[in-house]
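Peer 1: Please find the sequence and the predicted model below.
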Amino acid sequence: MSRTGNLTVALTFDDGPQPTWTPKVLDQLKAAGIKATFCLIGRQVKANAALVRRMVAEGHTLCNHSWSHDLRLGHRTDVQIKADIARTDAAIHAVVPGVPIRYFRQPGGEWTAGEVKLLKEMGKVPLGWGVDPWDWKSPGVAQIVSRVVGHTSPGSIVLMHDGGGDRSQTNSALHQILPALKAKFVLRALPPGTA
């Protein structure tokens, strides 16, 4: 899934929860009245449990982004892939019991056909994206803004990051991105599904 399937635009944030940048992203989304989808790294959930609870309380959708951001996860055995996803879901559910975790995003978008098939068997939706500003490479605030605002269209899923390193550029870019997108599109979190 790399598009929302309708005219709404979905903002997604990867590699959190992270204690410095995730709260700043959440603050901006709250101030703008925008709900997003957060793709969580399992091993970071327990230490940042309050942030995960805040995401849910503020109406954001949660996504499984693997236990440790293993770029080669799709090349592991079926048993290893299932165990990684189950471990991450369990860590999230330990903090927010019963919350649906419908989506899985493969780190780096390094999907394999076997992994996608396995995810569908597990009832997970493989979550891709259509707009990638490469904010994780810190290309500069103007570049992040230009890439997101210039490439987003109705139905876009936008990839950005609230974790995985210094996200000061992403945070600064959001001050321009959020009002620009809100003026042109309906922004919604991806539908969470059922628990």
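Peer 2: Arrived safely, thanks for sending. These numbers were taken from a predicted model, which means no experiment stands behind them.
Peer 1: so who does the residue nearest to Leu159 when sequence neighbours are not counted touch?
Peer 2: Of all residues beyond its chain neighbours, the one nearest Leu159 is Trp129 (3.9 Å), with distances taken as CB to CB, 6 or more residues apart in numbering. Placement of C-beta: from N, CA and C, glycine included. Neighbouring residues of Trp129 by CB atoms under 8 Å, 6 or more residues apart in numbering: 2, 12, 109, 157-159.
Peer 1: I'd like the list of those residues that fall within strands, please.
Peer 2: When DSSP state E is applied, these are split such that 12, 157-159 fall in strands.
Peer 1: Which parts of the protein are helices?
Peer 2: Taking DSSP state H as the criterion, the chain contains helices spanning 21-32, 49-57, 78-95, 113-121, 141-151, 168-184.
Peer 1: pLDDT on the fourth one, on average?
Peer 2: Taken as a whole, helix 113-121 has a mean pLDDT of 95.
Peer 1: Thought Gly5 was touching Pro154, still the case?
Peer 2: No. The pair Pro154 and Gly5 fails to qualify as a contact (CB atoms under 8 Å) at a distance of 10.8 Å.
Peer 1: So, low pLDDT: which residues of this structure?
Peer 2: Flagging of the chain using pLDDT under 70 yields the residue ranges 194-195.
Peer 1: Of all the residues in stretch 161-178, which ones are buried?
Peer 2: For stretch 161-178, the neighbour count (16 or more other CB atoms under 10 Å) marks 161-164, 167, 169-174, 176-178 as buried.
Peer 1: From the residues you listed, pick the one nearest Arg43.
Peer 2: Nearest to Arg43 among the buried residues of stretch 161-178 is Gly163, at 11.4 Å by CB to CB.
Peer 1: Was I right to think that closest one contacts Pro23?
Peer 2: No. With contact defined as CB under 8 Å, Gly163 and Pro23 do not form a contacting pair (11.4 Å).
Peer 1: for the buried residues of stretch 161-178, which one is nearest Ser138?
Peer 2: Closest approach to Ser138 among those (CB to CB): Gln169, at 5.2 Å.
Peer 1: what's the spacing between the closest one and Pro154?
Peer 2: Here Gln169 is placed at a distance of 26 Å from Pro154 (CB to CB, to the nearest Å).
Peer 1: Show me what counts as buried in stretch 47-55.
Peer 2: Neighbour count says stretch 47-55 has 48, 51-52, 54-55 buried, by 16+ other CB under 10 Å.
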